[in-house]
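**Student:** next input, structure requested:
(2 chains)
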Number of protein chains: 2
Amino acid sequence: MRGFNPKTGAFRESPTRRIDRIREEAVKRGLDIIMLSTGQPSIPPPIEAREALARDLLAPYDRKLYSYTPSRGYSSTIEAVILEMRRWGVELERDQVTLTAGGQSALFGTIMSLVSEGNEVVVLDPMYFGYWPLLDYAGARVRIVETSIDEGFQPEEERLKEALSSETRALIIVTPDNPTGRVISRETARLIADLAVEKDFWIIVDEAYRTLVYEGEHTYIYNYAPEHTIALNTFSKDPGIPGWRLGFAYGPKSAVERIRLFVQETVYCPPSVAQRLVEHYLRDDETRMSHLNMVRREYARRRDALLEAIDEMLPGARYVKPGGGMFVYVDLSRILRGRLDSEALAEMLLREKGVATVPGTYFSRRGGEFLRLSFVGEPPERLREAVSRMRALLKEKGLL
Amino acid sequence: MRGFNPKTGAFRESPTRRIDRIREEAVKRGLDIIMLSTGQPSIPPPIEAREALARDLLAPYDRKLYSYTPSRGYSSTIEAVILEMRRWGVELERDQVTLTAGGQSALFGTIMSLVSEGNEVVVLDPMYFGYWPLLDYAGARVRIVETSIDEGFQPEEERLKEALSSETRALIIVTPDNPTGRVISRETARLIADLAVEKDFWIIVDEAYRTLVYEGEHTYIYNYAPEHTIALNTFSKDPGIPGWRLGFAYGPKSAVERIRLFVQETVYCPPSVAQRLVEHYLRDDETRMSHLNMVRREYARRRDALLEAIDEMLPGARYVKPGGGMFVYVDLSRILRGRLDSEALAEMLLREKGVATVPGTYFSRRGGEFLRLSFVGEPPERLREAVSRMRALLKEKGLL
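**Tutor:** Next comes the predicted model:
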């Protein structure tokens, strides 16, 4: 009786992978592609860390570099993570941290540990699309709190209070946000923490972009509700090793222990070689902070170039200036006016102009006239060129 | 309403991790530990592959080395895997292979893709303990086919025929085996394949140790039942990067596609840096085969040293000479005669003599007088020393 588990129907092709496929086809046609679709860095980890790892590789036999690690990760790497978090004002004990095989692994372990069939999970809209298949697979009942461009995508107090109740198992919040770049304000963080304690639900806070903040600062919700907060982190964005698959989760021991067991059962241990690189990176304080500052300056410069180009060349386009992260979420409704939806627009842009973007529909049912544009993957002049191509397409289609 | 998904109760501490903990404590007491418990190589990948990777790390910006890869893995790595399998007589198309984050990731994706709540899964006993939590989590009804030392741990035809029916969703088979080192004979492979086609069930064949065969050869069951076989592989054992987390699964496209989606949802993609090392390894044919031959010679030499020491110093101990893999599964029943069980013995050996082994109870309900001894982690003289310490302990306890 061969067959498949029908529950796997929750899993589909990642939407950005579909874009990758169209892109490959466009590349074959010789089109010069400008990548505004990517959610990954374009700057490698600092040479000091890479050199240190290269030396380790050439050593006669550095056994720990190759061997299985504890499923929680090496103690030395966890120690480095604890010092890292202390730098940002978060005090953690060893049992409160588990390394994971990238942010996705932290996400999978967290959702599967906390959410049972039928549990209510509250999410903000728009939201990173990676959560949907996991919530489907877990059998969650999802309740959506809408945020709007007019409020800077900050969740509104009354709407939060209405949605969150003693029926809530968990609230998912991404800050700095993907796709909007919104950084949760201190007041909103405090409000969410107070509600979590009052109504007794989990806060799942995705902090993948926490060090990539360009104005103001990231608020660590954990500090306001340590017994109720599970924070998901990654080394994909800083120091920039998305393919190496290393992240971590921190929070109450009971939750972290379950996430660790998911890491054990899904991948056995977080990759040893990524742990080594991250140790080299985090332990060299000076190199680390100067690298991070360089990256932030560069990404902020690119963000500004992109926003300037939009202001100049796409009259009517609206956005909230992203305080952090990698993306700007652009509202084109005053240009498109219902004549074209964002999926069709994104496909035309890619096929006809070689500009890769992600349509807003991937993040929200209300995203039909939004595009997510990444500003980290291309230098300023290419970002400008991309917007100029968008303008040209919109003109050709009689939309501008 | 905070809380946890009760299904996570299926996941517990990995048994070998418990041994690791006792070992750490013994190390602290200054005991010299001989590791017969490990399931990982003690020889690093060839220097040529490590040098090539070190060069890549020092390049200005080798983007593909750091970036997310397709969830199936880079096409170039898959191409290398297809050539590797062709070398061993298995012809695969691209859609029939997906890379995974190590063998565990292939295992998790396969079990979760194929097995629904209540499905019957047939396993051989003894069996690698890593399958139990996954089968529990999937809600499988497990049916056990016992194998015995007297039959060289080859599953017996009548017992297979009795257990396998049109109710069977899948049969799990590990070859070369962990813990017994048994290599499935060509006849048994053929029999299983014929039954799979006749009764229409999946064969899940775990080939983690397929290249580490010392006598005879590994039979690729896939070739006998390509529509019914999903084969799980890893690069942990050859070229020896267990911590880097890279493996692969191959089989019918429909199954492989689902395993790929599990990789996507649990870890997003197989680690890029491991893919790079494996490409360097597999593409340099001469280095690869001379490395593999060196490793096989060395492990066979160690195996022989261990078996010789057992013959000499532990009269009454029985085993089947392992044809492949990393372990010998030793029957001590004629020595212990019900006076001590293997868990207590393993703990005494570790605490009092610094010899780390894995008790047979981790692999079988009938393992109460068996120990699994790894022969790959220590040089011959240390293997001998370990057996001599076992002998001393058994003498001290009045058992020998």
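**Student:** what about the residue of the stretch 101-250 of chain A found nearest chain B, how many residues close to it?
**Tutor:** Nearest residue of the stretch 101-250 of chain A to chain B, counting by Cβ to the nearest Cβ: A:G243, 2.8 Å away. C-betas here are computed from N, CA, C, even on glycine. Using other Cβ atoms under 10 Å in any protein chain shown, A:G243 is surrounded by 26 other residues.
**Student:** check which helices and strands the lengthiest helix in chain A is in contact with.
**Tutor:** Of all segments of type helix in chain A, defined using DSSP state H, the longest is helix A:285-313. For helix A:285-313, the contact count by 3 or more Cβ pairs under 8 Å, 6 or more residues apart in numbering or on different chains; DSSP states H and E identifies helix A:272-283, strand A:327-331, helix A:380-396 as packing neighbours.
**Student:** need the contact partners of the last one.
**Tutor:** It stands for helix A:380-396. For helix A:380-396, contacts defined as Cβ atoms under 8 Å, 6 or more residues apart in numbering or on different chains pick out A:34, A:36, A:301-302, A:305-306, A:309-310, A:312-314, A:335, A:348-349, A:352-355, A:373, A:375, A:378, A:400.
**Student:** can the helix-or-strand element of chain A with minimal mean pLDDT be said to contact chain B?
**Tutor:** Lowest on mean pLDDT, DSSP states H and E among the helices and strands of chain A sits helix A:15-28, with a mean of 81. Yes - if you take Cβ under 8 Å from any Cβ of the partner chain as the test, helix A:15-28 does meet chain B, through A:17, A:20.
**Student:** now do the SS call for A:K237.
**Tutor:** Under DSSP: H, G, I helix; E, B strand; the rest coil, A:K237 falls in the coil class.
**Student:** what's the separation between it and B:Y68?
**Tutor:** A:K237 is 12 Å from B:Y68, where distance means Cβ to Cβ, to the nearest Å.
**Student:** can you list the helices and strands that the least confident helix or strand of chain A packs against?
**Tutor:** Applying 3+ Cβ pairs under 8 Å, 6+ apart, one finds that helix A:15-28 contacts helix A:342-353, strand A:358-359.
**Student:** and the ones you listed: which comes nearest chain B?
**Tutor:** Comparing the helices and strands packed on helix A:15-28 by Cβ to the nearest Cβ, strand A:358-359 comes nearest, at 14.3 Å.
**Student:** list the helices and strands the closest one packs on?
**Tutor:** Judged by 3+ Cβ pairs under 8 Å, 6+ apart, the packing partners of strand A:358-359 are helix A:15-28, helix A:342-353, strand A:370-374.
**Student:** picking that back up, tilt between the longest helix of chain A and strand A:327-331?
**Tutor:** Interaxial angle, helix A:285-313 versus strand A:327-331 (axes from the mean of the first three to the mean of the last three Cα atoms, to 10 degrees): 20 degrees.
**Student:** which of the residues in helix A:285-313 are buried?
**Tutor:** When neighbours are counted by 16 or more other Cβ atoms under 10 Å in any protein chain shown, the buried residues of helix A:285-313 are found to be A:287-288, A:291-292, A:295-296, A:298-300, A:302-303, A:305-307, A:309-310, A:313.
**Student:** swap in stretch A:179-186?
**Tutor:** A:179-185.
**Student:** wait, which of the helices and strands packed on helix A:285-313 is closest to A:E162?
**Tutor:** Closest to A:E162 of the helices and strands packed on helix A:285-313 is strand A:327-331 (Cβ to Cβ; 23.9 Å).
**Student:** which strands and helices sit next to the closest one?
**Tutor:** If you count contacts as 3+ Cβ pairs under 8 Å, 6+ apart, strand A:327-331 packs onto helix A:285-313, strand A:370-374.
**Student:** contact partners of the least confident helix or strand of chain A?
**Tutor:** Residues outside helix A:15-28 that contact it (Cβ under 8 Å, 6+ apart) are A:33, A:37, A:39, A:129, A:346-347, A:350-351, A:354, A:356, A:358, A:362, B:70-71.
**Student:** and the two most separated of these?
**Tutor:** With distances taken as Cβ to Cβ, the most widely separated pair in these is A:G354 and B:S71, at 24.3 Å.
**Student:** kindly export the least confident helix or strand of chain A (C-alpha atoms) in CSV.
**Tutor:** Extracted as CSV, the C-alpha positions of helix A:15-28 are listed here (Å, rounded to 0.1, in the frame of the first residue of the first chain):
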residue,chain,number,x,y,z
PRO,A,15,7.1,31.4,-3.9
THR,A,16,10.5,33.0,-4.4
ARG,A,17,11.7,29.8,-5.9
ARG,A,18,9.1,30.2,-8.6
ILE,A,19,10.6,33.6,-9.3
ASP,A,20,14.1,32.0,-9.4
ARG,A,21,12.8,29.7,-12.1
ILE,A,22,11.5,32.5,-14.3
ARG,A,23,14.8,34.3,-13.7
GLU,A,24,16.9,31.3,-14.9
GLU,A,25,14.8,31.3,-18.1
ALA,A,26,15.4,35.0,-18.5
VAL,A,27,19.1,34.6,-17.9
LYS,A,28,19.2,32.0,-20.7
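**Student:** buried stuff in that helix?
**Tutor:** The neighbour-count check on helix A:15-28 (16+ other Cβ under 10 Å) flags A:15-16, A:19-20, A:23, A:26 as buried.
**Student:** contact residues of the stretch 151-300 of chain A facing chain B?
**Tutor:** A:166-169, A:200-202, A:228, A:236, A:240-245, A:254-255, A:258, A:261-262, A:264-269, A:271-274.
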